[in-house]
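Colleague: Predicted model, plus sequence, below.
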Amino acid sequence: MHLPAVERIAAVLIMVATPCVVVGVAVLLFLNPVWVGFDQDRSDVARLTGYSPAEVTQVTGSILSDLVFGPPNFDVKDTITGAPVLDAGERSHMADVRTVVLDLGRVALIAAAVLLVAGLGSRGAGWFWRAVNAGARVLVAGVIVVGLAFAVFFDQAFELFHEIFFAPGSYTFDSKSEKLVQLFPDQFWSETSVAIAVAVLILGVGLVFASARLSPESSTAAQTGSAPTAGSAAAPEGRNE
């Protein structure tokens, strides 16, 4: 069945919007002090920074607050010396990170609005759920490929990510003297990347099955499957009349 032009355009937008929403939700799941603190403990951040666990929590909480809520000053002070924890280059990079995070949030919100408007406008028509299903399938396939690339070539993939989103030279720091890479070391990022990929995969697979079940064709098929029993019971009555 061929869709009208407007519905075809809408279907393409839905296919693009679906992965954007899922990725946005997955990132949001891990952008919180609970996960960050948990993985910092696993990465032995207290030893790397020389801070006590309480100081790690306090410094990280301030950085996360500036990242999510702003203003993007990232001027948290060392509780002992009173000196800034992050130097000028680190603060500048975190401001750039905030821009990327906010842009991701805006894309996810716009994508969510597209899905909401399309879902309401189509009244849950089959083409809407097929487009959602297709977008979720593409996402699942993509996250498997990207996840494998990160697992095998993490350093190269991480470097490529920074080259795409940040200016050259703005994200290179000394792990022996600069706190940003001590607070968020390679182990933290590798484990967080895996966790986000797993979350995207679970959400994507769940959406594939959910969209298939919510499609009117699925309901019709289920009803058709039970129809022969009723029809066969009614047939003898028709012959007796």
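Modeller: Perfect, thanks for sending it.

Colleague: CA atoms only: put the helix or strand that contains Val34 into PDB for me.
Modeller: According to DSSP states H and E, Val34 maps onto helix 33-42. The C-alpha trace of helix 33-42 is given here as PDB (Å, rounded to 0.1, in the frame of the first residue of the first chain):
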ATOM      1  CA  PRO A  33      25.400  11.800  40.600                       C
ATOM      2  CA  VAL A  34      24.400   8.300  41.500                       C
ATOM      3  CA  TRP A  35      25.900   6.700  38.400                       C
ATOM      4  CA  VAL A  36      28.800   9.100  38.200                       C
ATOM      5  CA  GLY A  37      29.800   8.400  41.800                       C
ATOM      6  CA  PHE A  38      29.400   4.700  41.400                       C
ATOM      7  CA  ASP A  39      31.700   4.500  38.400                       C
ATOM      8  CA  GLN A  40      34.200   7.000  39.900                       C
ATOM      9  CA  ASP A  41      34.500   4.600  42.900                       C
ATOM     10  CA  ARG A  42      35.100   1.700  40.400                       C
END
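
Colleague: Which helix or strand lies directly C-terminal to that helix?
Modeller: helix 45-49.

Colleague: Now do the buried residues in that following helix.
Modeller: Of the residues in helix 45-49, 45-46, 48-49 count as buried by neighbour count, 16 or more other Cβ atoms under 10 Å. Quick note: C-beta positions are derived from backbone N, CA and C, even for glycine.

Colleague: Same question for stretch 196-212.
Modeller: For stretch 196-212, burial by neighbour count (16+ other Cβ under 10 Å) applies to 196-197, 199-201, 203-204, 207-208, 211.

Colleague: next one: stretch 90-108
Modeller: 90-98, 104, 108.

Colleague: Out of those, name the ones that lie in helices.
Modeller: Counting by DSSP state H, the buried residues of stretch 90-108 place 90-98, 104, 108 in helices.

Colleague: returning to that earlier point: now do the helix holding Val34: distance to the chain's middle.
Modeller: Relative to its parent chain, helix 33-42 has a centroid offset of 18 Å by Cα atoms, centre = their mean, to the nearest Å.

Colleague: quick one: contacts of it?
Modeller: Outside helix 33-42, the residues within contact range by Cβ atoms under 8 Å, 6 or more residues apart in numbering are 29-30, 46, 53, 56-57, 60-61, 64, 183-184, 187-188, 191-192, 195.

Colleague: just curious, which of those is nearest to Ala167?
Modeller: Taking Cβ to Cβ as the measure, Ala167 sits nearest to Phe184 out of those, at 19.1 Å.

Colleague: how about the closest one, what does it touch?
Modeller: Contact analysis of Phe184 by Cβ under 8 Å, 6+ apart lists Gln40.

Colleague: any idea of the mean pLDDT for stretch 174-184?
Modeller: The pLDDT scores in stretch 174-184 average 94.

Colleague: Pull up the distance across it, start to finish.
Modeller: Start and end residues of stretch 174-184 are separated by 12 Å (Cα to Cα, to the nearest Å).

Colleague: Buried residues in that stretch, which are they?
Modeller: For stretch 174-184, the neighbour count (16+ other Cβ under 10 Å) marks 178-184 as buried.

Colleague: all helices of the protein, in order?
Modeller: 5-30, 33-42, 45-49, 53-68, 88-122, 126-152, 154-165, 179-183, 186-214, 216-240.

Colleague: The fifth one packs against which elements?
Modeller: Read that as helix 88-122. Secondary-structure packing of helix 88-122 (3 or more Cβ pairs under 8 Å, 6 or more residues apart in numbering; DSSP states H and E): helix 5-30, helix 53-68, helix 126-152, helix 179-183.

Colleague: what about the third one, distance to the chain center?
Modeller: Remark: helix 126-152 is offset 12 Å from the chain centroid, using Cα atoms, centre = their mean.

Colleague: Sounds good, over and out.
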